[in-house]
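S.K.: here are the coordinates; sequence isn't available:
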């Protein structure tokens with residue numbers, strides 16, 4: 001099969017997919033069928049936190065696949081890999097976050113978290129942030145905050161209100177009708193925007209005052225990318241529900257939402273089977289996720305994040321780079337326009353470095369490499385970025 005088959009048979013979401021032909025991937029590199037090695041500064045959009053095909057992850061996948069794969073719908077059978085994974089997640093979370101529901105993707109985890117909050121509180125209003133991105137399924141799209149991406153799919157969920165991220169004055173819109181407030185700990189598609197000092201604490205306090213739950217979307221900043229297991233750890237706040245995905249799976253598809261045992265207890269009854277998935281908690285994906293967490297821990301990757309972030313910020317100085325936002329290895333270099341960023345990315349690809357842009361703020365050049373990226377690879381990548389800016 002060739003590119004014409006790709007464009008015809010493989011459903012497309014744009015008119016300009018690159019159709020880059022992948023041969024294999026290892027570490028920080030993707031190898032094309034053209035015989036070239038490409039340094040990956042995107043990591044599958046923040047998903048491949050321990051690089052491509054890490055030997056420990058591959059070994060655990062192979063071992064689990066040889067032992068057993070899917071055997072029963074979620075939650076019926078005790079299977080070692082998913083149980084060990086949720087046990088590990090329990091040790092990574094502050095109290096009272098201890099119970100985890102495993103699903104297949106980040107957007108599925110968002111859907112589950114919204115259902116859980118509505119069931120626990122008995123309310124249906126959800127407060128979300130403008131310019132938020134939480135996924136593309138109907139519920140996740142409903143709480144996302146960019147009208148351009150939503151208008152063609154209305155009507156969406158009722159009862160959604162949007163507030164400005166980091167605007168303290170908007171918090172009075174969280175009321176006794178609100179089931180939950182859902183926020184990205186660090187806004188992703190909007191430009192890798194961090195919460196202002198005290199903002200998340202103020203949101204949590206307001207939720208407590210009115211009996212609402214705080215859901216934090218850690219799909220992108222979570223699992224070590226900011227130098228801690230979860231981004232919220234930087235801001236001295238404990239949410240009621242945490243959503244994980246992307247970097248959790250070690251390159252495999254997985255999502256999770258975690259809360260207290262008390263909150264989760266409500267989905268067992270009235271009605272029973274309050275949330276169901278066939279493949280959620282798949283043992284092969286769970287084994288990959290557990291191995292992924294072990295690599296991050298055993299190779300001390302989080303302890304290296306600050307140094308690597310500082311090096312990117314130090315090396316990426318150019319008149320065309322207006323600012324660099326984000327935290328850890330979740331960075332965006334902002335330039336004059338989305339068109340210019342796309343030209344930079346195209347030039348970098350010609351030079352063997354993979355870059356991308358942000359979904360809403362196209363003028364932000366995404367820099368989200370594997371956490372395993374070496375100092376030498378960072379220097380090489382930054383050199384190519386600067387050359388590509390000059391060429392563009």
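M.R.: Alright, I've got the coordinates. Predicted model only: the values in this text are computed from it and were never measured.

S.K.: going by neighbour count, list what's buried in the host helix or strand of residue 201.
M.R.: In this structure, residue 201 sits in helix 199-210 according to DSSP states H and E. Applying a neighbour-count criterion of 16 or more other CB atoms under 10 Å, the buried positions in helix 199-210 are 199, 200, 203, 204, 206, 207. Any C-beta I mention is one placed from the backbone N, CA and C, and that applies to glycine too.

S.K.: name the helix or strand of this structure that has the lowest mean pLDDT.
M.R.: Here the helix or strand of the chain ranked lowest by mean pLDDT, DSSP states H and E is helix 3-9, holding a mean of 87.

S.K.: after that one, which helix or strand is next?
M.R.: On the C-terminal side of helix 3-9, the closest following helix or strand by DSSP H and E is strand 22-26.

S.K.: so what touches that next one?
M.R.: 30, 31, 32, 33, 40, 51, 52, 53 (CB atoms under 8 Å, 6 or more residues apart in numbering).

S.K.: what pairs with it, and is each one parallel or antiparallel?
M.R.: Looking at strand 22-26 with DSSP bridges, its partner strands are strand 29-32 (antiparallel).

S.K.: next secondary structure element downstream of the partner strand?
M.R.: Following strand 29-32 in sequence order, the next helix or strand is strand 37-40 (DSSP H and E).

S.K.: ok, that next one: who's next to it in the sheet?
M.R.: If you go by DSSP bridges, strand 37-40 pairs up with strand 29-32 (antiparallel), strand 353-354 (parallel).

S.K.: next, format these as JSON lines and append distance to residue 275 and mean pLDDT.
M.R.: Shown next, in JSON lines, are the strands paired with strand 37-40 (distance: least, CB to CB, whole Å; pLDDT from 0 to 100):
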{"stretch": "strand 29-32", "distance to residue 275": "36", "mean pLDDT": "98"}
{"stretch": "strand 353-354", "distance to residue 275": "36", "mean pLDDT": "98"}
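
S.K.: so which of these is the most packed in?
M.R.: Among these, ranked by average contacts under mean count of other CB atoms under 10 Å, first place goes to strand 353-354 (a mean of 22).

S.K.: name the next helix or strand downstream of that one, please.
M.R.: Next along the chain after strand 353-354, taking DSSP H and E as the criterion, comes strand 356-357.

S.K.: average pLDDT for that next one, rounded please.
M.R.: For strand 356-357, mean pLDDT rounds to 96.

S.K.: same check on stretch 384-392?
M.R.: Averaged over stretch 384-392, pLDDT sits at 98.

S.K.: swap in stretch 161-176?
M.R.: Average pLDDT, stretch 161-176: 98.

S.K.: now the terminal residues of it, how far apart.
M.R.: Criterion CA to CA, to the nearest Å; first-to-last residue distance in stretch 161-176 is 13 Å.

S.K.: re earlier: contacts made by the least confident helix or strand of the chain with the rest, please.
M.R.: Here helix 3-9 makes contact (CB under 8 Å, 6+ apart) with 1, 17, 19.

S.K.: residues contacting stretch 27-47, please?
M.R.: 20-25, 48-49, 51-54, 188, 220, 225, 246-247, 249, 251, 330, 349, 352-356, 366-370, 372-374, 377, 380-381, 384.

S.K.: which residues touch residue 177?
M.R.: By CB under 8 Å, 6+ apart, the contact set of residue 177 is 123, 125.

S.K.: could you redo the last one with a cut-off of 6 Å?
M.R.: Each residue near residue 177 by CB atoms under 6 Å, 6 or more residues apart in numbering is listed here: residue 125.

S.K.: residue 126 versus that one, what's the distance?
M.R.: Per CB to CB, to the nearest Å, residue 177 is found 10 Å from residue 126.

S.K.: where are the low-confidence patches of the stretch 101-250 of the chain?
M.R.: Scanning the stretch 101-250 of the chain for pLDDT under 70 picks out nothing.

S.K.: can you show me the helices along it?
M.R.: Along the stretch 101-250 of the chain, counting by DSSP state H, counting those that start in this stretch, helices occupy 106-121, 138-143, 199-210.

S.K.: can you redo these as TSV with distance to residue 320?
M.R.: Converted to TSV, those look like this (distance: least, CB to CB, whole Å):
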stretch	distance to residue 320
helix 106-121	32
helix 138-143	33
helix 199-210	31
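
S.K.: fine by me, we can end here.
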